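**Q** requesting a structural model of the entry that follows:
(chains A and B)
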Amino acid sequence: MNPFSGPRRAYASSVYTDTFVPLALALGYSLIQTNNLRAQKADMVLFVRQGANVSDASLDRLRRVGWKLRVEDDIELPSIDVDQIEPWHKWNLNKLRLWTWTEYDQVVFIDADTLVKGDLSEIWKTPGGMSSKFGKVNG
Amino acid sequence: MIAAAPDSWDTTPKDTKFNSGVLLLRPSMIEYDLLIRGVATRGMHLPHEGDQPFLNRFYEYRNFGLPSTYNLNLVLYRWFPVIWEYLWPKAKIVHFTVRKPRPPADWCVVNCPERPILEWYSGVFQEMLEEYGFTPSTDNADFAYSWLDEIEIHG
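**A** Sure, this is the predicted structure:
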C-alpha cells in the first residue's frame, strides 16, 4: 500500500430489499448535493443484497446517482436464525460486512432511511475511525 | 473503536446507547473476526435483534460520541420539539426513524405530526427524480416511486 496516497474513505449504505432502492437514491442524491466527495477523497459505496433481486433498471439508477455497487451475498452467521429477527431488522446484521472492506481506511455507514443535510467532512477526523500507524501495526 | 451518535426515544432525547444508523468505523479483518465471534457469544445477540443492540454491547466502552446532529432522530420532532428546533439548523444527517418515507400507505395518514419533515423529504426526492429524469412514465413497475403520490392522497 502506498503510504503517500492519503486516506481511503467511503460513505456506505445498504439496500436490503428493493423497497430500499428509492431511499438509497434520495440518500445518494442528498450526499452529493451537500458534500464535496472529491475534496474529502471519499467514495460512495452501496451494499446491495444479492437476495434482494434488485432489477437491472434499479441498479442502473443507483449507479447514476453516484453509488458504486457491491452486490453481495448475505453475511454467513451460523449462530443466527434470520427468521427470528424482527422483520424490520431482518437483514441489518449485514452491516458487519463493512469491517471487511479493508480497501478503505475509514467507512461512514449511513442507514438508507436518512437524508444528508450538511457538510460531513469533519467526521473523518473523529476518533474511532481514524487511521493510525500504531493501530495498523497492532492490526 | 467506532464513533456513533446517541439514540433518541419518545422518553429521552439522548440515550446512553448509540444509534447504529450512522457509524464511523475502520475496516479490519481482525476486528471483523472479533465481531463474528462476538455475535455468536451467548448474551451478546438475542434472537429477535438486529445489529444495534449487539453493537452497543460489543462497543459499550469503546465508542466515541458523534454529536446528535450527525444522526438527528425524527422522534425528537414530536416529543422534544425545542431540542429539534435547536438541532435542525445544524443537522448533518436526518434519520427517518419513526416514520419511514415509503409504503405502506398509512405512513402519514391525514396529518401525522412529522408531516412537515416528510414533505421536506418528498421535496428532495422529487428534485432527485427531476435531476436524473427518473420520471414515472419511463419507470419499470419495480421502481417504487408511487409512494410519492401518497403524500397528496393521504396528506
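
**Q** strands along the chain, start to end?
**A** Defaulting to chain A. A:9-15, A:42-49, A:68-72, A:106-110, A:114-116 (DSSP state E).

**Q** switch to chain B, please.
**A** Going by DSSP E, chain B shows strands at B:2-6, B:18-25, B:63-65, B:72-73, B:93-95.

**Q** can you list the ones you listed in CSV and add distance to chain A and mean pLDDT?
**A** Just so you know, the C-beta spots here come from the backbone N, C-alpha and C atoms, and that holds for glycine as well. Converted to CSV, those look like this (distance: least, Cβ to the nearest Cβ, whole Å; pLDDT from 0 to 100):
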stretch, distance to chain A, mean pLDDT
strand B:2-6, 3, 97
strand B:18-25, 4, 97
strand B:63-65, 4, 95
strand B:72-73, 8, 98
strand B:93-95, 5, 97
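
**Q** format these as a markdown table; extra columns: mean neighbour count.
**A** Formatted as a markdown table, these follow (neighbours: other Cβ atoms under 10 Å in any protein chain shown):
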| stretch | mean neighbour count |
| --- | --- |
| strand B:2-6 | 23 |
| strand B:18-25 | 24 |
| strand B:63-65 | 17 |
| strand B:72-73 | 28 |
| strand B:93-95 | 25 |
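
**Q** how many neighbours does the nearest residue to B:Phe134 once chain neighbours are set aside have?
**A** By the measure of Cβ to Cβ, 6 or more residues apart in numbering or on different chains, the closest residue to B:Phe134 outside its immediate chain neighbours is A:Arg61, 6.1 Å from it. The tally of other residues near A:Arg61 (other Cβ atoms under 10 Å in any protein chain shown) stands at 24.

**Q** verify the stated contact: A:Arg61 with A:Val21.
**A** Yes - using Cβ atoms under 8 Å, A:Arg61 is in contact with A:Val21, at 7.3 Å.

**Q** quick one: contacts for B:Leu74?
**A** Contacts for B:Leu74 (Cβ atoms under 8 Å, 6 or more residues apart in numbering or on different chains) come out as B:Val94, B:His95, B:Phe96, B:Thr97, B:Val98, B:Arg99, B:Glu114, B:Ile117.

**Q** show me which of these are buried.
**A** Burial of the contacts of B:Leu74 was assessed by neighbour count (16 or more other Cβ atoms under 10 Å in any protein chain shown); the buried members are B:Val94, B:His95, B:Phe96, B:Thr97, B:Val98, B:Arg99, B:Glu114, B:Ile117.

**Q** pretty sure the fifth one sits against B:Pro113.
**A** No - B:Val98 is not in contact with B:Pro113 according to Cβ under 8 Å; the separation is 9.2 Å.

**Q** joint contacts of the two?
**A** Joint contacts of B:Val98 and B:Pro113 (Cβ under 8 Å, 6+ apart) are B:Arg78.

**Q** near the residue of chain A found nearest chain B, how many other residues are there?
**A** At 2.8 Å from chain B, A:His89 is the closest residue in chain A, using Cβ to the nearest Cβ. A:His89 has 16 neighbours, counted by other Cβ under 10 Å.

**Q** show me the contacts for it.
**A** Contact analysis of A:His89 by Cβ under 8 Å, 6+ apart lists B:Glu49, B:Gly50, B:Asp51, B:Gln52.

**Q** same list (those) but as JSON lines, adding distance to chain A.
**A** What follows is these, written out as JSON lines (distance: Cβ to the nearest Cβ, whole Å):
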{"residue": "B:Glu49", "distance to chain A": "7"}
{"residue": "B:Gly50", "distance to chain A": "3"}
{"residue": "B:Asp51", "distance to chain A": "5"}
{"residue": "B:Gln52", "distance to chain A": "8"}
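
**Q** which parts of the chain are helices?
**A** In the absence of a named chain, chain A is used. Per DSSP state H, chain A carries helices over the ranges A:20-34, A:37-40, A:56-64, A:133-137.

**Q** wait, chain B was what I had in mind.
**A** B:29-39, B:51-58, B:75-79, B:81-87, B:115-132, B:147-154.

**Q** among the ones you listed, which is nearest A:Ser55?
**A** With Cβ to Cβ, the closest approach to A:Ser55 among those belongs to helix B:115-132: 16.3 Å.

**Q** the closest one vs helix A:20-34, what angle?
**A** Inter-element angle recorded for helix B:115-132 and helix A:20-34: 80 degrees (by axes from the mean of the first three to the mean of the last three Cα atoms, to 10 degrees).

**Q** average pLDDT across helix B:115-132?
**A** In this model, helix B:115-132 has a mean pLDDT of 88.

**Q** would you mark the buried spots in it?
**A** Going by neighbour count (16+ other Cβ under 10 Å), the buried part of helix B:115-132 is B:Arg115, B:Ile117, B:Leu118, B:Tyr121, B:Ser122, B:Val124, B:Phe125, B:Met128, B:Leu129.
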